[in-house]
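Trainee: predicted model, plus sequence, below.
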Amino acid sequence: MTSNLVPLIKKAKSGDESAMASLYESFKPLLLSNATATSKNFNHDCYQELSLQFILAVQAFDLEKYLDE
């Protein structure tokens, strides 16, 4: 995973699909893990929902608040 995600988040928030794909690939193992967390079987619907929520979270992430702390 990238040590400093700020540049990628900035690019992804501005519409850079490559940056969003890079962020997504960095967090994909976590999404996959959580899609199997409640059962031993992979839940495709859960994975799709987690993927959508990840993208929405990146778009809604307030970098200024994060950087001010």
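Mentor: Great, that's in hand.
Trainee: would you map the strands across the protein?
Mentor: With strands called from DSSP state E, the chain shows none.
Trainee: quick one: low-confidence ranges for it?
Mentor: Flagging of the chain using pLDDT under 70 yields the residue ranges 1-3, 68-69.
Trainee: contacts only, for Ile9.
Mentor: Going by C-beta atoms under 8 Å, 6 or more residues apart in numbering, Ile9 touches 19, 23, 58, 61, 63. Placement of C-beta: from N, CA and C, glycine included.
Trainee: how about 7 Å then?
Mentor: By C-beta atoms under 7 Å, 6 or more residues apart in numbering, Ile9 lies in contact with 23, 58, 61, 63.
Trainee: distance of the last one relative to Ser33?
Mentor: Taking C-beta to C-beta, to the nearest Å as the criterion, Leu63 is separated from Ser33 by 26 Å.
Trainee: ok, now the first one?
Mentor: In this structure, Leu23 and Ser33 are 17 Å apart, going by C-beta to C-beta.
Trainee: quick one: which of these two has more around it?
Mentor: When Leu23 and Ser33 are compared for neighbours, Leu23 comes out ahead with 21 against 10, by other C-beta atoms under 10 Å.
Trainee: which one (most neighbours) among the contacts of Ile9?
Mentor: Ranked by neighbour count (other C-beta under 10 Å), the contacts of Ile9 have Leu23 at the top, with 21 neighbours.
Trainee: wait, which of the contacts of Ile9 is closest to Glu49?
Mentor: Proximity of the contacts of Ile9 to Glu49 (C-beta to C-beta) peaks at Val58, which lies at 15.2 Å.
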